[in-house]
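A.B. asks: Need coordinates for the below:
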Amino acid sequence: MSADKRTTDPAVTADLEDGLRVDCYVRPTVPTAADDAISHVVERLERLQDDGTVDEFRIVRWPPDGDARDGRESTRSEVVAEFERWAEQRGRSLEPAFRRRELPSSPLSPSADPREEVRVPIVTLALYGGDDGGESDEAATVRGVVPHTDRTAETNRTYTVDEWLSAAERTGIAVDQPTDETGRSGQATLLEGRQ
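C.D. replies: Numbers count the residues shown, from 1 in each chain. Got it, this is the predicted structure:
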C-alpha cells in the first residue's frame, strides 16, 4: 500500500495546538529482542517532543495486577479499565492487543476465588489532550489509546503504535484527506479532541 493510500483513524484526531501528552506504557519485563523496539519508540517520542508535536511524554511501567498499594497507585486492571471505557465510548476495542482472562483458583488454596489476569501489549501509548483544564495527571482524561481496533468500520481495523508515531512524524498530515494540486493533503490532527 502506498503512503498516499494509508488511512488515519478518525478516533485519533485532535487539535495539536492544544497540547499533547503521551504516556508510553511498557511491560516491566520484556524479551531482549523487544528492548531495541522500545528504545526506538522512545527515540521517536523524543523527536516528536523536540519538534513540538508532543508537548510532553513519559515512560510508565505497567503497574502490577492485584490490589492497589495504599490506595495511591492504580492497578493494571484499573488502568486498562480506563482505556476500555475510552474505547467503548467510541465504538472501538482494545482487543486483540489487550486481553483479559480468568485464572482458576490455586489447587493449594481451593477456597480462593478465581482471579483475572490482564495481558497488555509490550508498548501502549495513552494520549491526553491539552484541554484537560489544568487537571492533575491522575485526573486527566484519556483522549486516545494505541493500539486499538476500530469496530465502527465495515472491517475491523487495528491501529498500531508504529502507525500512530508515523502519522505524528508527518506532523499531522493525514493521507486520507483530499490533496491539493501539489499532492499535499490538508492538515489533520492526531488525537481525538474537541469537535
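
A.B. asks: Could you use CA atoms for every contact and neighbour count after this?
C.D. replies: Will do.

A.B. asks: what pairs with Gly144 across the strands?
C.D. replies: Applying DSSP bridges to Gly144 gives these bridge partners: Leu127.

A.B. asks: any idea which helix or strand comes after the strand or helix carrying Ile38?
C.D. replies: Element membership for Ile38, per DSSP states H and E: helix 32-50. The helix or strand immediately downstream of helix 32-50 is strand 56-61, counting by DSSP H and E.

A.B. asks: Show the pLDDT at Ser16.
C.D. replies: Quick fix: residue 16 reads Leu, not Ser. As predicted, Leu16 sits at a pLDDT of 46.

A.B. asks: Number the residues from 797 up from this point.
C.D. replies: Got it, first residue is 797 now, which makes that one Leu812.

A.B. asks: What is the neighbour count of Val938?
C.D. replies: Residue neighbour count, defined by other C-alpha atoms under 10 Å, stands at 19 for Val938.

A.B. asks: Which phi and psi values does it adopt?
C.D. replies: Torsion angles at Val938 (phi, psi; degrees, to the nearest 10) stand at phi -70, psi 130.

A.B. asks: so Cys820 sits right up against Trp858, yeah?
C.D. replies: No. In this structure, Cys820 is not within contact of Trp858 by C-alpha atoms under 8 Å, at 9.5 Å.

A.B. asks: if we can go back for a sec, if we go by neighbour counts, what in the helix holding Ile834 is buried?
C.D. replies: Judged by neighbour count using 16 or more other C-alpha atoms under 10 Å, the buried positions of helix 828-846 are Ile834, Val837, Val838, Arg840, Leu841, Glu842, Leu844, Gln845.

A.B. asks: Any chance you could list what contacts that helix?
C.D. replies: The set of residues external to helix 828-846 that reach it, using C-alpha atoms under 8 Å, 6 or more residues apart in numbering, is Val822, Val850, Asp851, Glu852, Phe853, Ile918, Val919, Asp958, Leu961, Ala964, Glu965.

A.B. asks: do that again at 6 Å, thanks
C.D. replies: Outside of helix 828-846, the residues within contact range by C-alpha atoms under 6 Å, 6 or more residues apart in numbering are Val850, Asp851.

A.B. asks: and that helix with strand 852-857, angle?
C.D. replies: For helix 828-846 against strand 852-857, the angle by axes from the mean of the first three to the mean of the last three C-alpha atoms, to 10 degrees is 160 degrees.
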